[in-house]
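for reference, the sequence and a predicted model appear below.
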Amino acid sequence: MKFQGCLFVALASVGLLSGCVSLGYSSLPTPIPTEYMPTVVALTLQARGVPVFTPAPADQIGQSVAATSPATLAGMPSQTPQVSVTEQVMQTIAPAVSPTLPAVTTVPALTLEPGRAESPTPTIILSPTVNAAPPTATFSLPTPDLARLTPSPAPPIPDAPLQIYRLGELSRVISPIQATIRLTSGNGKVLRIELYGEDGRLLARHLRTFQNIPWQAARVDADLDFEIGGAGELGRLVVSLEDPFGRLIDVNSVNLILLSSGQTELNPATALLQRLVIQEPTPKALIQGGKLIVSGRALPNRPDQPLRVMIIGEDGRILGQRLARVNVTIPGDYGVFIAEAPYTVTDLTPALLVVFEEGEPISDIAYLSSVEVILAP
């Protein structure tokens, strides 16, 4: 009986020792509990550098779905639609990308081949933003030069060197005519005050000679007696001034209605401003090259008739001449003229440039202006 008890103890010890040995050398893998599998997968993806999104528990998702049922939405105000799981993944990945990069586009989920243990890595494709605002183009326009764009006003018309007072255009006068003349030329030697009839005959004349030249200003009063054959006719009062060389330097005139009887009726004076204004060349200008360019403004009696341009030497010779047409844009107003007069000289030559309007058939000249120049070959 004692022997059997010892044998049972020995067998039990051998069995226990065999069980320990088999546990220590077993080659089978140890299974991981099911509840730890999500944690193991998440740790593995994080070790590979793949962002992991942990979905909400099923019970919370069920509560969200129940909260957004049609019955519930009917009594709620309009809100922004719920973001899908894919969009939530994109919102998780987007902060990791530089804010200066374009928008992110994801590729649809890949299907793993059977037996492939490695999880696919999501692919990120950068694409330009379609609805990005186009760049704003900035245009810089040059500032206009208002001084050049705005036309400068024409210079004022100067006073006539020979002014005729009291008598205006087409005044009705009887004999004698009382004429008052103011002169500012300064270099005139001989003054002529003449009255012509409609056929060009000379009806009256008054001469005045100036001894001291130059002078500042002068005033001359003259009474002109005349006789006409009819009751009345058209006439012209012409005032002219010659320089010491006998060249006309200024001529002014006014048209009158001559009456054999009746009463004098005067119109306001109209022969106070210069009718021919020479703007170019300036006085004492040196002209070279054999061509003289003259320009200015004019108010002629007959705008359709061209002006005459002459270059006269001190000896009375005509060194050059040309016709200049007046361009009148507003009837009854001043027009502009320009001409190029050729000349021929062999040395420096003082000359007088004159521009005048012919006055035939009543008088040879109606208006004349002049300027002294120096001609060079």
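Received the coordinates, thanks.

direction included, what does the host helix or strand of residue 161 pair up with?
Per DSSP states H and E: residue 161 is located in strand 159-165. Strand 159-165 sits in its sheet next to strand 177-183 (antiparallel), strand 271-273 (antiparallel), going by DSSP bridges.

out of the ones you listed, which is the most enclosed?
Most buried of the strands paired with strand 159-165, by mean neighbour count (mean count of other CB atoms under 10 Å): strand 177-183, with a mean of 19. In this view, the C-beta of every residue, glycine as well, is placed from N, C-alpha and C.

who touches that one?
With CB atoms under 8 Å, 6 or more residues apart in numbering as the test, strand 177-183 has contacts from 161-167, 191, 193, 195, 204, 206, 217-224, 226, 237, 239, 241, 256.

same check on stretch 153-167?
By CB under 8 Å, 6+ apart, stretch 153-167 touches 173, 177-185, 237, 239-241, 249-254, 256, 266-267, 269, 271-275, 277, 279, 297, 334.

now stretch 196-210
Residues from elsewhere that reach stretch 196-210 (CB under 8 Å, 6+ apart): 177, 179, 188-195, 218, 220, 222, 224-228, 233-236, 238, 258, 360-363.

in it, what counts as buried?
196-198, 203-204, 206, 208, 210 (16 or more other CB atoms under 10 Å).

closest one to residue 311 out of those residues, please.
Checking these against residue 311 with CB to CB, the nearest one is residue 210 at 25.2 Å.

that closest one and residue 363, how far apart?
23 Å (CB to CB, to the nearest Å).

so which residues of the chain form helices?
Counting by DSSP state H, the segments of the chain that form helices are 2-24, 37-47, 58-67, 70-74, 85-93, 146-149.

output the below-cut-off pLDDT ranges for the stretch 51-200 of the chain.
51-152 (pLDDT under 70).

of the contacts of strand 177-183, grab the buried ones for ChimeraX.
Only the buried entries of these go into this ChimeraX selection, using 16+ other CB under 10 Å:
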select :161,162,163,164,167,191,193,195,204,206,218,222,224,226,237,239,241,256
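
so of the contacts of strand 177-183, which ones are in strands?
161-165, 191, 193, 195, 204, 206, 218-224, 237, 239, 241, 256 (DSSP state E).

give me the neighbour count for residue 333.
10 (other CB atoms under 10 Å).
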